[in-house]
Every structure is written in C-alpha cells, then in structure tokens.
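Novice: Take a look and give me a structure for this.
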Amino acid sequence: MLTLNLPSFETNIRLVNGAKQIFDPLRRRYVALTPEEWVRQHFIHYLIHDKGYPTALLGNEITLSVNHQRLRCDSLLFAHDMTPRMVIEYKAPSVEITQHVFDQIRVYNTVVHAPYLTVSNGIAHYCLHIDHGRQTARFLPEIPAYDQLL
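Specialist: Predicted coordinates for the structure are as follows:
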C-alpha cells in the first residue's frame, strides 16, 4: 500500500480468498483493505498513539440518520460524557480534499453537532473547530492532542 503522511505502525493484515483484510482495533474485526481503510487505520493509530485519544471513546463506521436516510460516519470521537467531539472523514490518497468533502462531513454534523470536523486522505489532514454558539469556524494549524480539545 501507499506510504502516507502519517506515522507507520505494525499492521495486522491477512489474505482471505485472495482479498487483503486489515484488523480494525475499534471494530475488533478484520475489514477489507481498501485505500480508504488504509488511511483510516493509520489515522486512528496516529490519534491514539501520538495524540492521546482514548480508544474507548473512538468509533468507526457510526450509523447516522439524516433526513430519514441512513449514512455512515467514518469515525467519531466522543467526550467522556459520550457527547460527540469530532467527526472524522477519510478519503483514499488519490482523492483530493475539496469543498465537496467538507460539505459531506458538514451533513453528518447536522446530526452530531460536534465541535471538530477532521478530514484526511492520508497525505493532507485538515481540522476545523466550530463554535456552534458563535456560529464561527476556523481551521486549526494541526490535529489537536486529545487534552487540547476545547
């Protein structure tokens, strides 16, 4: 798989019926190893091991209901009181991060109301802090450590 702009780690990959699978520690099972999943696993590892995000407060493939439609949020970070803190969207490294990607994650946040939106294609990473009370948003210079989240 492609080298990403994220720390490498020892992956747990297996081959089943000719298809590669990678172990997802959050879902506690093997999943298809797609380019997007490669980014997800690296990013989750980065958040946990480099940024101090608690594993127990992260979830992958969280189902949301938006306008009577079921959508899946790539990853969701919760606070200790289980309120959503960050919505995370992944794209394959070949997918450019555009306004369309931010529009997609914004739709998820109409339900979740998280103060942070993060997007990564494994090469470029963006984190947006939203102040819902003031109705403002600003890009952060880097992905914040867990203990720096407001």
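
Novice: C-alpha only now, for contacts and for neighbours.
Specialist: Fine.

Novice: From residue 95, how far out is residue 131?
Specialist: Distance of residue 131 to residue 95, computed by Cα to Cα, to the nearest Å: 28 Å.

Novice: do the same with residue 7
Specialist: 20 Å.

Novice: Between those two, which is the more surrounded one?
Specialist: Just comparing residue 7 and residue 95: by other Cα atoms under 10 Å the higher neighbour count belongs to residue 95, 15 against 12.

Novice: so the more buried one is in which element?
Specialist: With secondary structure defined by DSSP states H and E, residue 95 is part of neither a helix nor a strand.

Novice: Just to check, it is in contact with residue 121?
Specialist: Yes: counting by Cα atoms under 8 Å, residue 95 touches residue 121, with 6.7 Å between them.

Novice: packing partners for the least confident helix or strand in the chain by mean pLDDT?
Specialist: The least trusted helix or strand in the chain, going by mean pLDDT, DSSP states H and E, turns out to be strand 58-66, with a mean of 85. In terms of contacts (3 or more Cα pairs under 8 Å, 6 or more residues apart in numbering; DSSP states H and E), strand 58-66 is packed against strand 69-78, helix 99-112.

Novice: mind listing the strands for the protein?
Specialist: Listed in chain order, the strands found in the chain under DSSP state E are 13-16, 19-24, 29-32, 58-66, 69-78, 84-90, 116-120, 125-131, 136-139.

Novice: Please render those strands as TSV that adds mean neighbour count to the earlier fields.
Specialist: Below are these laid out as TSV (neighbours: other Cα atoms under 10 Å):
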stretch	mean neighbour count
strand 13-16	12
strand 19-24	16
strand 29-32	14
strand 58-66	16
strand 69-78	17
strand 84-90	23
strand 116-120	23
strand 125-131	17
strand 136-139	12
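
Novice: Going by mean pLDDT, which of those strands comes out lowest?
Specialist: Comparing mean pLDDT over those, the weakest stretch is strand 58-66, at a mean of 85.
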